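Trainee: need coordinates for the following:
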Amino acid sequence: MNISKLINDIIDEDGLHQLALPYKEPLEVVVQNSIARSVRTFSQFKRQKKEGFYLVEQLKAPTEIEKCRHIYLIPPELTTTTVIDAYGMCETDQAADSRVNMNTFTVGTPFVGFGAYYPQDILNAQMIGTAINKFSGVTSRLPTVEYKGYNKIQLHDFPRNACLHLIVECEHDESCESIPDSMREAFKELAMYDLETQLYNDLKNNKNVGSGYQQNQIVIEDWSGSKAKKENLLKEWTGTYHCDDTDGIMFF
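Mentor: Residues are numbered from 1 along each chain as shown. Coordinates of the predicted model:
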């Protein structure tokens with residue numbers, strides 16, 4: 001999304017070109033500073049995703065103690081904006097083989113034998129399956145990534161020669177370039193409410209503001225309800241934003 005066009009659209013729709021607002025900065029700067037606040041709010045509902053592939057043995061740890069606990073720093077190219085969450089997966093052939101072996105022993109074993117459908121037989125078969133897993137060096141725990149905050153992750157059950165596919169969810173860039181054009185109108189609505197709320201708070205006690213044509217008293221009552229409109233918009237987003245997360249959808 002192009003921030004210059006967005007700023008111009010907001011200024012035009014609010015009719016700000018005709019007002020001599022009491023700010024030292026140019027009007028475009030005032031609007032851009034307000035948009036930066038909107039970006040942080042918008043990112044809580046639609047996060048920017050960055051990803052990369054890294055060898056675990058090449059990741060950097062903050063301290064030696066944390067390295068022993070498998071806690072590592074997220075690579076800097078993924079932390080150019082504030083990180084909200086991070087997750088990942090193991091991309092080695094060994095991990096894939098482990099998943100196949102795990103399924104073979106823990107799922108297939110309980111249904112072997114004539115009495116496999118009786119509770120005690122199922123329990124015995126599960127115990128045998130667990131023993132086979134331990135004997136074969138196969139663990140039922142898959143490699144996982146835990147975000148620890150402060151741009152740090154902890155790897156659980158990762159092989160030493162693992163390749164980490166890391167996905168980071170973070171705030172959008174203040175330039176708005178990372179916000180898709182398909183979400184432009186939704187973001188513009190939020191940005192206008194933020195700007196109008198700021199203008200109302202700054203000008204509600206300053207009635208004499210000049211215009212390009214004459215000194216007059218502006219009517220800012222139209223902006224007085226922008227805070228409530230923003231709250232209603234965020235309430236609506238809170239109830240629907242999770243619908244865009246296809247990873248959480250289950251099919252039966």
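Trainee: in this protein, where's the longest helix?
Mentor: Counting by DSSP state H, the longest helix found in the chain is helix 184-203.
Trainee: where exactly do the helices run in the stretch 151-252 of the chain?
Mentor: 184-203, 226-240 (DSSP state H, counting those that start in this stretch).
Trainee: buried deepest among those helices, which one?
Mentor: Ranked by mean neighbour count, the helices of the stretch 151-252 of the chain are led by helix 184-203 with a mean of 19 (mean count of other C-beta atoms under 10 Å). C-beta coordinates here come from the backbone N, C-alpha and C atoms, glycine included.
Trainee: which strands and helices sit next to it?
Mentor: Contacts defined by 3 or more C-beta pairs under 8 Å, 6 or more residues apart in numbering; DSSP states H and E place helix 184-203 against helix 3-14, helix 27-43, helix 226-240.
Trainee: quick one, that helix and helix 27-43 angle?
Mentor: 120 degrees (axes from the mean of the first three to the mean of the last three C-alpha atoms, to 10 degrees).
Trainee: now what about helix 184-203, what contacts it?
Mentor: Contact with helix 184-203 is made by 1, 6, 9-10, 13-14, 21-22, 31, 34-35, 37-38, 41-42, 176, 179, 209, 218, 220, 222-224, 226-227, 229-230, 233, as judged by C-beta atoms under 8 Å, 6 or more residues apart in numbering.
Trainee: low-confidence ranges, this structure, go.
Mentor: The model of the chain has pLDDT under 70 over residues 92-140, 205-219, 241-252.
Trainee: domain parsing for it?
Mentor: 1-46+173-240, 48-170 (automatic domain parsing).
Trainee: in stretch 8-19, what's buried?
Mentor: Using 16 or more other C-beta atoms under 10 Å as the test for burial, stretch 8-19 gives 10, 11, 14, 16, 19.
Trainee: before we move on, what about stretch 48-61?
Mentor: Using 16+ other C-beta under 10 Å as the test for burial, stretch 48-61 gives 48, 50, 54, 56, 59.
Trainee: element containing the third one?
Mentor: Here residue 54 sits within strand 48-55, counting by DSSP states H and E.
Trainee: quick one: that strand to helix 27-43, angle?
Mentor: Counting by the same axes, to 10 degrees, strand 48-55 points 60 degrees away from the direction of helix 27-43.
Trainee: C-terminal to strand 48-55, what's the next element?
Mentor: helix 64-68.
Trainee: may I have that following helix as PDB, with CA atoms only?
Mentor: C-alpha atoms of helix 64-68 as PDB (Å, rounded to 0.1, in the frame of the first residue of the first chain):
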ATOM      1  CA  GLU A  64      26.000 -19.800  27.100                       C
ATOM      2  CA  ILE A  65      23.500 -20.800  29.700                       C
ATOM      3  CA  GLU A  66      20.600 -20.000  27.400                       C
ATOM      4  CA  LYS A  67      22.300 -21.900  24.600                       C
ATOM      5  CA  CYS A  68      22.300 -25.000  26.800                       C
END
